[in-house]
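Enquirer: For reference, the sequence and a predicted model appear below.
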Amino acid sequence: MAVTIKDVAKLANVAPSTVSRVIANNPRISEETKRRVREAMDYLGYHPNFNARSLANKSTQAIGVIMPSSADKVFQNPFFPEVIRGISTKAHEKGYSLYLSTGATEEEMFEGVVGMVQGRRVDGIVLLYSRVEDKIMSYLQKQKFPFAVVGKPYKNSESITHVDNDNFKAAKEVTEYLISLGHRNIAFVGGSQELVVTVDRLTGYEKAIRNAGISFHDEYVFQEEFLKEGGHEAVLELLSLKKPPTALVVSDDLMALGIMSKLDEMGLSVPDDISVISFNNVMLSEYARPPLSSVDINIFKLGYEAVDCLLDLISNPGISPRRVTVPYKIIKRQTVKDTSVESQGTR
C-alpha cells in the first residue's frame, strides 16, 4: 500500500497540512519541524506527487533554462556547464527541477520558449545570454512571464531582472594592465557582435586604448563565435597585418586556448612573441601551457544569483526588477609579458 501524507504526519506527530507545508518549503514552518517531517518521509519512503501538487497550486516546481545555441556547440564551452552548476545548485536548494532548451536557430529557440510558457511547463525562465535584438526577451516581457537574464539586456535593462559582471570595466582594466606593461599594439578578439557581452567588452577595450592616447585601429578588432576554431581564424588574420599586435585581449577562454594552440603550431611563443589574456577563468585555463591569464567572472555565482532573483519574481510578481553585479578578478598567470623599458629582461 502506498505511503500517504497522513502516514508521514502520524509518524512525525504533526498535522497533514504541516507535512504539505514542509514539502512546499514554507518559511513559516520551523527548521526543527521540517527536519522531523523529512526524517519521517525518508523512513517511510514517501515521495511527494509533484504532478498533483502542480494541479493544486498551479506550480510546476520547474525552471526553464534557455541556451544561446544548439547543445553540441554550447557544451563545447566550459562556461555553460559551470553556469548550469550554479543554476542547479540554487534550484535544488529550493526544490526546483530544470528544463533545458536549445535550438539550432533563433526561431527554434523561440518556439521552445513559447511551448514552455503556453504549456505552463515551467514557473519561470533563465536566459543564458543577452542579444542586441532578441525576440524571446521581448516575448517574455509582453507575456509578463517571470524571467531572469545572465548578462545585461541591451535595452530597458532597468526593467529586466539580470545578473552580470561589469564587462565594460573588466575589459577596460585588462587593457590598461597590458598598456602598463608597455604594450601599444593590442588587439581585441571577441564573440558575435549580436551579444551584449561582446559589445560591452569591446567598448571597455576601446576606452582604455583611447584614454592612453593610443591610436585605435579597426583591423585590431576581430569578432568570431566563442569557439576554439574562431581563435584559429583570428590568429591568421591578425598576424598577417603589417604591424601585428604584441598582445591580445580575448573575450573567452576557449577561444584563447585555440589561439595559443595555433600560435604553437606556427612556432610562436606565448608570451615571448605575443601576450594573451582572456575572460571566464575556466578550469582549463589554469592547466594550459603556459597557464592562461584570465578574468575570473565567477561563473557559478552568475547562475546561482540568477535563480535566486527568478524565484523572487515567481514568489512576488509585483516586485521591482533586480540588477545583481557579480564581482570579477584578474588572475595573472604566465601568458602576459612585461615589455616596458623598466622591466625588460626581468621576465
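Expert: Perfect, thanks for sending it. Residues are numbered from 1 along each chain as shown.
Enquirer: what about the residue nearest to residue 279 when sequence neighbours are not counted, how many neighbours?
Expert: Nearest non-adjacent residue to residue 279, counting by CB to CB, 6 or more residues apart in numbering: residue 295, 4.6 Å away. Placement of C-beta: from N, CA and C, glycine included. Neighbour count of residue 295, defined by other CB atoms under 10 Å: 25.
Enquirer: now do residue 45
Expert: Neighbours of residue 45 (other CB under 10 Å): 8.
Enquirer: I'd assumed residue 3 was in contact with it.
Expert: Yes. Using CB atoms under 8 Å, residue 45 is in contact with residue 3, at 6.1 Å.
Enquirer: returning to that earlier point: now do the phi/psi pair for the residue nearest to residue 279.
Expert: Phi and psi for residue 295, reported as degrees, to the nearest 10, are phi -90, psi 120.
Enquirer: correct me, but it touches residue 256?
Expert: No. Using CB under 8 Å, residue 295 is not in contact with residue 256; the gap is 10.9 Å.
Enquirer: What are the boundaries of the strands in the stretch 201-347 of the chain?
Expert: Assigned by DSSP state E, counting those that start in this stretch, the strands in the stretch 201-347 of the chain fall at 221-223, 247-250, 275-279, 293-296, 323-325, 329-331.
Enquirer: quick one on the thing from earlier: okay, and the common contacts of residue 295 and residue 256?
Expert: 277, 278 (CB atoms under 8 Å, 6 or more residues apart in numbering).
Enquirer: Model confidence for the closest residue to residue 151 other than its chain neighbours, exactly?
Expert: Excluding the flanking residues, the one nearest residue 151 by CB to CB, 6+ apart is residue 130, at 3.4 Å. Looking at residue 130, its pLDDT reads 90.
Enquirer: My guess is residue 130 contacts residue 148. True?
Expert: No. Taking contacts as CB under 8 Å, residue 130 lies outside contact range of residue 148: 11.1 Å.
Enquirer: what touches both of these two?
Expert: residue 162.
Enquirer: Helices of the stretch 201-347 of the chain, residue ranges please.
Expert: 228-239, 253-265, 283-287, 299-315 (DSSP state H, counting those that start in this stretch).
Enquirer: three-state assignment of residue 39?
Expert: Under DSSP: H, G, I helix; E, B strand; the rest coil, residue 39 falls in the helix class.
Enquirer: Contacts only, for it.
Expert: Contacts of residue 39 by CB under 8 Å, 6+ apart are residue 12.
Enquirer: how much space between it and residue 28?
Expert: Distance of residue 39 to residue 28, given as CB to CB, to the nearest Å: 20 Å.
Enquirer: For the stretch 1-150 of the chain, which segments count as helices?
Expert: 5-12, 16-23, 31-44, 50-57, 71-74, 79-93, 106-118, 135-143.
Enquirer: residues touching residue 29, list them.
Expert: Residues near residue 29 by CB under 8 Å, 6+ apart: 18, 21, 22.
Enquirer: redo that, cut-off 10 Å
Expert: 14, 18, 19, 21, 22, 37 (CB atoms under 10 Å, 6 or more residues apart in numbering).
Enquirer: between the residues you listed, which is closest to residue 322?
Expert: residue 21 (26.8 Å; CB to CB).
Enquirer: Next, work out how far apart that closest one and residue 33 are.
Expert: 9 Å.
Enquirer: overlap in contacts of those two?
Expert: residue 14.
Enquirer: which regions of the stretch 101-250 of the chain sit below the pLDDT cut-off?
Expert: Across the stretch 101-250 of the chain, the ranges flagged by pLDDT under 70 are 225-228, 230.
Enquirer: Pop the domain breakdown of the chain in here.
Expert: Domain assignment for the chain, taken from automatic domain parsing, gives 62-165+299-316, 167-296+331-343.
Enquirer: Just send these back as CSV, with distance to residue 9 too.
Expert: Output for these, formatted as CSV (distance: least, CB to CB, whole Å):
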stretch, distance to residue 9
domain 62-165+299-316, 19
domain 167-296+331-343, 46
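Enquirer: what lines up beside the helix or strand hosting residue 188 in the sheet?
Expert: Here residue 188, judged by DSSP states H and E, is contained in strand 186-190. Note on strand 186-190: by DSSP bridges, its sheet partners are strand 221-223 (parallel), strand 247-250 (parallel).
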